[in-house]
Every structure is written in structure tokens, then in C-alpha cells.
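In: Structure for the following, please:
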Amino acid sequence: MHYRNGRAAVNGDKIVSLNGGEVVAAGTLYDAVPGNDYCNGHIMVGYEQSGSDPVACMCDCLHVDDLAAILAEKGLGNRPDGM
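Out: Okay, the predicted model is just below:
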């Protein structure tokens, strides 16, 4: 299982789910099963699993570390001075 950018996905990862360039969910990946990059696993958005947790489609998700790297690359990784 791999995220949109090819990084290997692991249960317990902190992830964001994207739809059309918008973040639609953020949380911890769980119940994902190797061998499937599509609707596979769930995103725990709170402190415990819930029957209403969003489905994680790996091809629509990024690891938060990779998102942070993209923001840093664009100069958006730190708060501007004076704010």
C-alpha cells in the first residue's frame, strides 16, 4: 500500500486525505491491509476509532511529514515574522 506520492503506507501513520486539492480528513491510518492502494483502511480523526471514521483511499492520501515538506519547500513551513 502506498500513498499518492509513492511512500509506503503503514497503519499508525498520521495522514491527510485529499479530494480535488482540498483536505477532507486528517488523522491516524488504521485497518489498512497490504496489497491495496484504494479504499483500504480508515482514518481515526479523534482519540479513538469510530464507526463513522472516513475510509482511507491510499491514492488520495499523503503522510503528514510529506505535506510538511511540501509546505516548507513553498516557504510556508514557518509562521511569518511579527505574527
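
In: Assign residue 69 to helix, strand or coil.
Out: helix (DSSP: H, G, I helix; E, B strand; the rest coil).

In: how about the strands in the protein?
Out: Here the chain has its strands, by DSSP state E, at 14-19, 22-30, 39-44, 55-57, 61-63.

In: Need the winner for burial among those strands.
Out: Most buried of the strands of the chain, by mean neighbour count (mean count of other CB atoms under 10 Å): strand 61-63, with a mean of 23. Heads up, the C-betas are built off the backbone N, CA and C, glycines and all.

In: Give me the contacts around that one.
Out: The contact list for strand 61-63 (CB atoms under 8 Å, 6 or more residues apart in numbering) reads 3-5, 7, 9, 13-18, 29, 43.

In: Apply 7 Å and report the result again.
Out: With CB atoms under 7 Å, 6 or more residues apart in numbering as the test, strand 61-63 has contacts from 3, 4, 5, 7, 13, 15, 16, 17, 18.

In: Closest to residue 81 out of those?
Out: Each of the contacts of strand 61-63 was checked against residue 81 using CB to CB; the closest is residue 16, at 26.9 Å.

In: which ones are touching the closest one?
Out: So residue 16 contacts 23, 26, 61, 62, 64, 67 (CB under 7 Å, 6+ apart).

In: Please tell me the pLDDT value assigned to it.
Out: Per-residue pLDDT puts residue 16 at 97.

In: That one and residue 32, how far apart?
Out: Here residue 16 is placed at a distance of 15 Å from residue 32 (CB to CB, to the nearest Å).
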